[in-house]
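[1] The following comprises the amino acid sequence and a computationally predicted model.
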Amino acid sequence: MGETQERERVLIHFSKRYCYCNPEGLTSEDGVHTLTCALMLLNTDLHGHNIGKKMSCQQFITNLDGLNDGSDFPKDSLKVLYNSIKNEKLEWAIDEEELRKSLSELVDDKFESGVKKVTRIVDGSNPFLDIPLALNAATYKHGILTRKSHADMDGKRTPRGRRGWKKFYAVLKGTILYLQKDEYKPDKDLSEVDLKNAIRIHHALATKATDYSKRPNVLKLKTADWRVFLFQAPSEEEMMSWILRINLVAALFSAPAFPAAIGSMKKFCRPLLPSSTTKLSQEDQLRSHESKFKQIAAEVEEHGKNPPDKTLKTKETEEYLLKEHYLIFEKSRYETYINLLKAKLKVESDDLEKIEASLFTGEGDESYLRKTQSSPSLNQGHMSLNGKADSKEIAEQTC
C-alpha cells in the first residue's frame, strides 16, 4: 500500500467514510481505525511467509481488549472476522498493469435479478468503471453518427492508424453510448463488436467541435477517463440534439466523484469518477454539482496565484499545466450540468422533446428542432422537481 504516512492517511479517510456510511455502528472512527489495522496484521500473521506459530482466535480477541474507545469489540464479530480472514486471504491492491490485464479478461455475466442478460464493459484500468449494466436501460436517442477517435485514455493522442472516420448507428442507452454496425432494434442483443465500441458518458462533456473545420456538424465528446471522440451528425439540429441529450443524461445520473488519490509525490492525480448511477434526487444532484462547481472555481483561482515559468520545460511546469487544463475543463463541465438541470427542472417534465424545445426556442434560430421517432422519459427513479434557469444561457453553455 505504499509508504507508512500514505497508508495512515488512507486508513483515516476509510474510518471516517465507514462511520459516515454506518451511523448506527457500534464503534467510532478511532475504533474502526484500530480494528482495520488489527485485521491487516492478522492477515499477514495468518498468510505471510516465514511466520512461526499462527495467531489464534482467542489471542486476536485478547489483543483488542479495551481498544474500542475503552470498551471491548463484540466478541462474536471478532470471531467472524478472524474466521473469514483465516479461510480467505485479503488480497492487497495490484499494480496498474496487472489490473489492466485482469479487467481485460472479464467476460459477459448474468444480472442477479435474472431480468435480462447484462454485460461488463471494461473502460480502462479503473475498477470503479467495471460494473454490470442492464441492457434494458432506457433509450434516450438513436441515429447515425460518424466517429473519429482523437485521443485515448488520459488524453494520449490516438495513433494515426486508428484515427479514421467510421460510420455507426449510435444508441444512447442509459449512460452508455453504443456504436452499432447495424440499425438499432430494441429487442436485438448487442454483438461483441458493438460492446467493444461502447462509450460510457458518465461525467462526460459534449460540445461543438469549433476547432475542427474539415467537416460540418461535428461534436466533440470528452469522457471521464479523458478520451476524446469527434462525431459528425447528419445535420446541425441532430448535432445540437446529441450534445444536449448526452450532457443532460450525464448531469442527471453521474454519481459524485471519489476523492483524488493520495500520494507523497507532488504529482497531480484526477479524482476517481464512478460509473454507477447517482442515488441523489434531481434537487440534491443539482446542489451537489453547484457545490463541486464552487470548489473547482476556488481551486482555479488558487492555482493561478503561483504559476511556474512556463517557458521552462520542467516536470513542475508539466504538472502545473496538466492540473490547469483539468480544472478549467471541470469548471466548464459542472457549469454545463448545472445549467441543464436548472432548465430541466424549470420545464417540470421528463420529456426530452419539451426540454430541447425550451432550450432551443430561446435561441430563436434554433427553434427548428424537429420531432424524432420517440420522445423518451428521463424519469429513472428521480422525482420531478421545480427549478429556474435562463434558456438562452443554457443553450449557449451546452453548445
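    Thanks, I have the structure now.
[2] Let me see the mean pLDDT of the strand or helix carrying Glu319.
    Counting by DSSP states H and E, the element that carries Glu319 is helix 315-347. If you average the pLDDT over helix 315-347, you get 91.
[3] Just the C-alphas of stretch 30-45, formatted as PDB.
    Written as PDB, here are the backbone C-alpha positions of stretch 30-45 (Å, rounded to 0.1, in the frame of the first residue of the first chain):
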ATOM      1  CA  ASP A  30     -10.800   5.500  16.200                       C
ATOM      2  CA  GLY A  31     -12.300   2.100  16.800                       C
ATOM      3  CA  VAL A  32     -12.700   1.500  13.100                       C
ATOM      4  CA  HIS A  33      -9.100   2.600  12.500                       C
ATOM      5  CA  THR A  34      -7.800   0.300  15.300                       C
ATOM      6  CA  LEU A  35      -9.800  -2.700  14.100                       C
ATOM      7  CA  THR A  36      -8.800  -2.200  10.400                       C
ATOM      8  CA  CYS A  37      -5.100  -2.100  11.400                       C
ATOM      9  CA  ALA A  38      -5.600  -5.300  13.500                       C
ATOM     10  CA  LEU A  39      -7.200  -7.100  10.600                       C
ATOM     11  CA  MET A  40      -4.300  -6.100   8.300                       C
ATOM     12  CA  LEU A  41      -1.800  -7.500  10.800                       C
ATOM     13  CA  LEU A  42      -3.900 -10.600  11.300                       C
ATOM     14  CA  ASN A  43      -3.900 -11.200   7.600                       C
ATOM     15  CA  THR A  44      -0.100 -11.000   7.500                       C
ATOM     16  CA  ASP A  45       0.200 -13.300  10.500                       C
END
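[4] can you give me how far it is from the chain middle?
    With C-alpha atoms, centre = their mean, to the nearest Å as the basis, the distance from the averaged C-alpha position of stretch 30-45 to the chain average is 30 Å.
[5] contacting residues around it?
    Contacts of stretch 30-45 from elsewhere in the structure, counted by C-beta atoms under 8 Å, 6 or more residues apart in numbering, are 11-12, 14-15, 18-19, 25, 27, 51, 54-55, 60, 63-64, 67-69, 73, 81-82, 85, 89-90. Any C-beta I mention is one placed from the backbone N, CA and C, and that applies to glycine too.
[6] In contact with Arg157, which residues?
    In this structure, Arg157 makes contact with His150, Ala151, judged by C-beta under 8 Å, 6+ apart.
[7] any idea how far Arg227 is from it?
    Distance, Arg157 to Arg227, using C-beta to C-beta, to the nearest Å: 11 Å.
[8] what's around the closest residue to Leu78 other than its chain neighbours, how many residues?
    By the measure of C-beta to C-beta, 6 or more residues apart in numbering, the closest residue to Leu78 outside its immediate chain neighbours is Ile61, 5.0 Å from it. The local packing count at Ile61 equals 16, with neighbours defined by other C-beta atoms under 10 Å.
[9] ok, now Asn22?
    11.
[10] next one: Leu359
    Look at Leu359: counted by other C-beta under 10 Å, it has 28 neighbours.
[11] for Lys16, same thing?
    Residues lying near Lys16 (other C-beta under 10 Å) number 13.
[12] and it, what pLDDT?
    Note for Lys16: predicted pLDDT of 86.
[13] Quick one: distance of the helix or strand hosting it to the chain centre.
    According to DSSP H and E, Lys16 maps onto helix 4-21. In terms of C-alpha atoms, centre = their mean, the gap separating the centre of helix 4-21 from the centre of its chain is 21 Å.
[14] next one: stretch 177-189
    In terms of C-alpha atoms, centre = their mean, the gap separating the centre of stretch 177-189 from the centre of its chain is 24 Å.
[15] what's that stretch in contact with?
    117, 135, 139, 142, 145, 147, 168-172, 190-191, 193-195, 197-201, 221, 246.
[16] Make a ChimeraX selection of the buried ones in the residues you listed.
    A single ChimeraX command suffices to select whichever of the contacts of stretch 177-189 are buried according to 16 or more other C-beta atoms under 10 Å:
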select :135,142,145,147,168,169,170,171,172,190,194,195,197,198,199,200,201,221,246
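[17] So which of the contacts of stretch 177-189 sit within strands?
    Here DSSP state E is the test, and these give Thr139, His142, Leu145, Arg147, Phe168, Tyr169, Ala170, Val171, Leu172, Ile199, Arg200, Leu221 as lying in strands.
[18] Show me the shaky parts of the stretch 201-350 of the chain.
    Residues of the stretch 201-350 of the chain meeting the criterion pLDDT under 70: 259-266.
[19] And the helices in it, which stretches?
    Taking DSSP state H, counting those that start in this stretch to define them, one finds helices in the stretch 201-350 of the chain at 236-253, 282-303, 315-347.
[20] what's the longest one packed up against?
    It refers to helix 315-347. With contacts taken as 3 or more C-beta pairs under 8 Å, 6 or more residues apart in numbering; DSSP states H and E, helix 315-347 sits against strand 205-208, helix 236-253, helix 282-303, helix 352-360, helix 391-398.
[21] I'd like these written out as CSV, with distance to Lys181 added.
    Below are the helices and strands packed on helix 315-347 laid out as CSV (distance: least, C-beta to C-beta, whole Å):
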stretch, distance to Lys181
strand 205-208, 22
helix 236-253, 19
helix 282-303, 35
helix 352-360, 26
helix 391-398, 30
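[22] looking at these, which is buried most?
    Between those, helix 236-253 has the highest mean count of neighbours, a mean of 22, where neighbours are mean count of other C-beta atoms under 10 Å.
[23] what angle sits between it and helix 282-303?
    Counting by axes from the mean of the first three to the mean of the last three C-alpha atoms, to 10 degrees, helix 236-253 lies at 100 degrees to helix 282-303.
[24] what's the angle from helix 236-253 to helix 315-347?
    Here helix 236-253 points in a direction 100 degrees away from that of helix 315-347 (the same axes, to 10 degrees).
[25] how far out from the middle of the chain is helix 236-253?
    Once both centres are worked out by C-alpha atoms, centre = their mean, helix 236-253 turns out to sit 17 Å from its chain's centre.
[26] Give me the helices and strands touching that helix, please.
    Contact partners of helix 236-253 among helices and strands, from 3+ C-beta pairs under 8 Å, 6+ apart: strand 139-151, strand 166-173, strand 205-208, strand 218-222, helix 282-303, helix 315-347, helix 352-360, helix 391-398.
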